[in-house]
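Structure for this input, please:
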Amino acid sequence: MSTALLLAESQPDTRGFLERHLRNDGFQVVEGEARPDLVLLGDSGALEECRARHGDVPVIVLGGPESDTVDRVRALDRGCDDFLAKPFDYEELLARIRAVLRRTSPTGHETLRAGPVVADRATRCVTVDGVPVALASKEYELLLKLMTDPTRVFTKEQLLRDVWGFRSLGRTRTLDSHASRLRRKLSAAAPGAFVVNVWGVGYRLLDG
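As a prediction, the model looks like this:
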């Protein structure tokens, strides 16, 4: 079964170009009523509306030609999975699509457990003491990374590289804002210390 891509791009030339090549590469380009496996979004300002409509589906934002690092960081802060500014090379976009799908589409029915937290990778369902917790895409990926070694302190550099693909720490608040939201959601489901901030170093999921 082919991967369903929703192409939310308003520029006719770009849309036609992408639609033709993506179909040639085996993707199914769907309309807004369908449930997509990934969204290509031409306006980062519409990210919240996209999330409200399609849930935690992976999103790649296609920024305008004037986009800079600040625009990229802000889009990632809002919860997109990747950002690519126009004009872009189609082969690079294709590689990014496949990379995002690899990260967000687990193979097999694997369940991760860390204390009271359980994540079913096949269904992307997360529970804490049996209580379901709804997470945005990057919150979920951050949780999975922390669950690989729940009491280990992952540095900010490690998390930004492995979850967001950042090459350097810079001055972004992306990690801190996502960690705060993840902590709040887990703690609302059950009492306990989750996503512990180790000052000056990084984060761990559970107290040792």
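
got the contact list for the helix-or-strand element of the chain with minimal mean pLDDT?
The weakest-scoring helix or strand in the chain, judged by mean pLDDT, DSSP states H and E, is helix 47-54 (a mean of 82). Taking contacts as C-beta atoms under 8 Å, 6 or more residues apart in numbering, the residues outside helix 47-54 that touch it are 6, 8, 32, 35-36, 39, 41, 59, 61, 75, 78-80, 136. All C-beta atoms are positioned from the backbone trio N, CA, C, and that covers glycine.

one more time with 7 Å
8, 36, 39, 41, 59, 61, 75, 78-80, 136 (C-beta atoms under 7 Å, 6 or more residues apart in numbering).

Just send those back as TSV, with distance to S180, neighbour count and secondary structure too.
Shown next, in TSV, are the contacts of helix 47-54 (distance: C-beta to C-beta, whole Å; neighbours: other C-beta atoms under 10 Å; DSSP: H, G, I helix; E, B strand; the rest coil):
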residue	distance to S180	neighbour count	secondary structure
A8	28	21	strand
P36	28	22	coil
V39	25	25	strand
L41	24	23	strand
V59	21	29	strand
V61	22	28	strand
A75	18	24	helix
R78	14	19	coil
G79	13	20	coil
C80	18	25	coil
A136	13	20	coil
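
got any ranges where the protein has weak pLDDT?
By pLDDT under 70, the weakly predicted segments of the chain are 1-2, 32-34, 106-109, 167-171, 208.

Domain-wise, how is the chain divided?
Here the domain assignment for the chain is 4-104, 111-206, based on automatic domain parsing.

can you give me how far the least confident helix or strand of the chain is from the chain middle?
Distance, stretch centre to chain centre, for helix 47-54: 13 Å (C-alpha atoms, centre = their mean, to the nearest Å).

Alright, I will stop here.
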